[in-house]
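[1] Could you work out the structure for the sequence below:
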Amino acid sequence: MNKNLWLLILSQIFAFTAAPVTVFLSGIIGSQFSPIKLLATLPMALSIVGIAIFAIFAAKVMSVIGRRAGFIFASVGSSLSALLASYSIIIESFILFNLANFLLGAGVAFSHQYRFAAVETVSKEMAPKAISIILLAGIGSAFIGPNVANITKEILAEHLYAGSYIALAALTLTSTIFLLFYKDGHKRNHVNKKISRSYLELISQPRFLQALIASAFAYAVMSFLMTATPISMHVMEKISLTKTGLVIQLHIAAMFLPSLITGNLIKKFGHSKIMYVGVMLFSVTILTSLFEQNFFNYLIALIFLGLGWNFLFISGTSLLVLSYREEEKFKAQGFNDLIVYSVQAVASLSAGIFISLTSWKTMNLVCVVFLIIIIISTLRADFKEQK
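    Below you'll find the predicted structure:
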């Protein structure tokens, strides 16, 4: 733990609040403003589309202007986007609310670079622990974001939730305070294109592909089910907003709390074994869907969904760091995030349609396919390495 890592942690706590607030409120607000029921989760989905589209852009910007300037730029942009969301609620514009969520997603794309910035402050051997520590900061985001949003939702009495996004604007801007003290050892990244490997060459490495698939499908399963949860719980099952918010908060806590030990577990048992454990944890979520849809079962399902994501995403990201050369880092990181969040965007976009046309149980069973693909890619990489 060095000064730069501490500053990154504190900054990320506030910068990342945009993500849990979007999960918590966008589907509910979407169901109120959407002219078509199937489009209720469109704002959430567009925020993830924003993450996917801006993933490579975020890495490219930081390769030119550095981590600190890139994070500050994103924080200011996220703050303005939150104010736009507030305004869209005031004028009851579903289109403008969707645009605001898309732009908030762009800001989150920059926030996802914090984990790579953390890796750069330590040796490669300590990468899993650094990633775990920076993701652990997500717990702070998970509790600060939704709680502040809930407390401030009636600040503008005639416009429910408009105050939540005004508060979010203040939260995301707060991260710049810590970044002012962050020392960026940035040197402009000049990559020799003749030496740098192509995207096809990168992905042809079994370990790189394993890392990419683990991260991408971990996010696909998590986002697919999480996006549908507020609609399934609050809108369809009539479970209170307070209980729905608690489930989302504990889910996000479960996503990040295991980071206290995940890095050490990867170091002790290896990336592949932790990925298998992640798949097993996801399986508990799927099995829970076979029972009655009540508050307790949603709670268990979403907690294990968060745990499975943590094991798969941290092991995937830390394995990725070992699969590229130093001069390729921004290229590999940007490409990884483009694929990961594009897959997540498709999963989130389809969540609203699935929950409206099928059922919570069916959605969970669909996820079995993703788990099989993760297992196959991991077995293949292990087999190739042993040959």
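[2] Next up, the contacts around the closest residue to Pro258 other than its chain neighbours.
    Beyond its immediate neighbours in the sequence, the residue positioned closest to Pro258 (Cβ to Cβ, 6 or more residues apart in numbering) is Asn310, lying 4.6 Å away. The way it works is simple: take the backbone N, C-alpha and C, and place the C-beta from them, glycine included. With contacts defined as Cβ atoms under 8 Å, 6 or more residues apart in numbering, the neighbours of Asn310 are 135, 254-259, 262, 278.
[3] so how far is Ile29 from Leu160?
    The spacing between Leu160 and Ile29, counted by Cβ to Cβ, to the nearest Å, is 9 Å.
[4] Mind listing the shared neighbours of those two?
    Ile89.
[5] Give the residue from these two that has the larger number of neighbours.
    Between Leu160 and Ile29, counted using other Cβ atoms under 10 Å, the more crowded position is Ile29 (24 against 15).
[6] Just the element for that one, please.
    Secondary structure assignment for Ile29, by DSSP states H and E: helix 18-33.
[7] Just the buried positions in the helix or strand following that helix, please.
    Using DSSP H and E, the next helix or strand after helix 18-33 towards the C-terminus is helix 42-65. Along helix 42-65, these residues count as buried under the neighbour rule (16 or more other Cβ atoms under 10 Å): 42-56, 58-63.
[8] Could you do stretch 211-225 as well?
    Within stretch 211-225, the residues that count as buried by 16+ other Cβ under 10 Å are 211-225.
[9] so how far is it off the chain centroid?
    Averaged C-alpha coordinates place stretch 211-225 at 10 Å from its chain's average position (Cα atoms, centre = their mean, to the nearest Å).
[10] just stretch 203-214 next, same as before
    19 Å.
[11] Please apply the same query to stretch 63-80.
    The gap between the average C-alpha position of stretch 63-80 and the chain average comes to 18 Å, counting by Cα atoms, centre = their mean.
[12] Show residues contacting that stretch.
    Under the criterion Cβ under 8 Å, 6+ apart, residues 11, 14-15, 18, 58, 61-62, 103-104, 106-111, 113-114, 117, 120, 169-170, 172-173, 175-176, 179, 182, 184, 186, 188-189, 330 lie in contact with stretch 63-80.
[13] Restricted to buried residues, select these in ChimeraX.
    Buried members of the contacts of stretch 63-80, identified by 16+ other Cβ under 10 Å, are gathered into one ChimeraX selection as follows:
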select :11,14,15,18,58,61,62,103,104,106,107,108,109,110,111,113,114,117,120,169,172,173,175,176,179,182,184,186,189,330
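[14] Out of the contacts of stretch 63-80, which sit inside strands?
    For these, membership in strands holds for none, with DSSP state E as the criterion.
[15] Show only the entries of the contacts of stretch 63-80 found in helices.
    11, 14-15, 18, 58, 61-62, 103-104, 106-111, 114, 117, 169-170, 172-173, 175-176, 179, 330 (DSSP state H).
[16] Okay, now the unreliable bits of the stretch 201-350 of the chain?
    Applying pLDDT under 70 to the stretch 201-350 of the chain flags no residue at all.
[17] Kindly recompute the last result at 80.
    Low-confidence segments of the stretch 201-350 of the chain, defined by pLDDT under 80, span residues 241, 252, 326, 348-349.
[18] ditto for the stretch 51-200 of the chain
    Applying pLDDT under 80 to the stretch 51-200 of the chain flags residues 123-125, 184-196.
[19] how many other residues sit next to Ser272?
    With other Cβ under 10 Å as criterion, Ser272 counts 19.
[20] buried residues in the helix or strand that contains it?
    Under the criterion of DSSP H and E, Ser272 resides in helix 271-288. Neighbour counts over helix 271-288 (16+ other Cβ under 10 Å) mark 271-279, 281-282, 285-286, 288 as buried.
[21] any chance you could map the helices in the stretch 151-300 of the chain?
    Chain-ordered helices for the stretch 151-300 of the chain, with DSSP state H, counting those that start in this stretch as the definition, fall at 162-179, 199-203, 206-230, 241-256, 259-269, 271-288, 295-321.
[22] tell me the contacts of Val277?
    Per Cβ under 8 Å, 6+ apart, neighbours of Val277: Phe311.
[23] and the gap between it and Ile375?
    For Val277, the distance to Ile375 equals 12 Å [Cβ to Cβ].
[24] For Ser26, the count of nearby residues, please.
    By the criterion of other Cβ under 10 Å, Ser26 has 27 neighbours.
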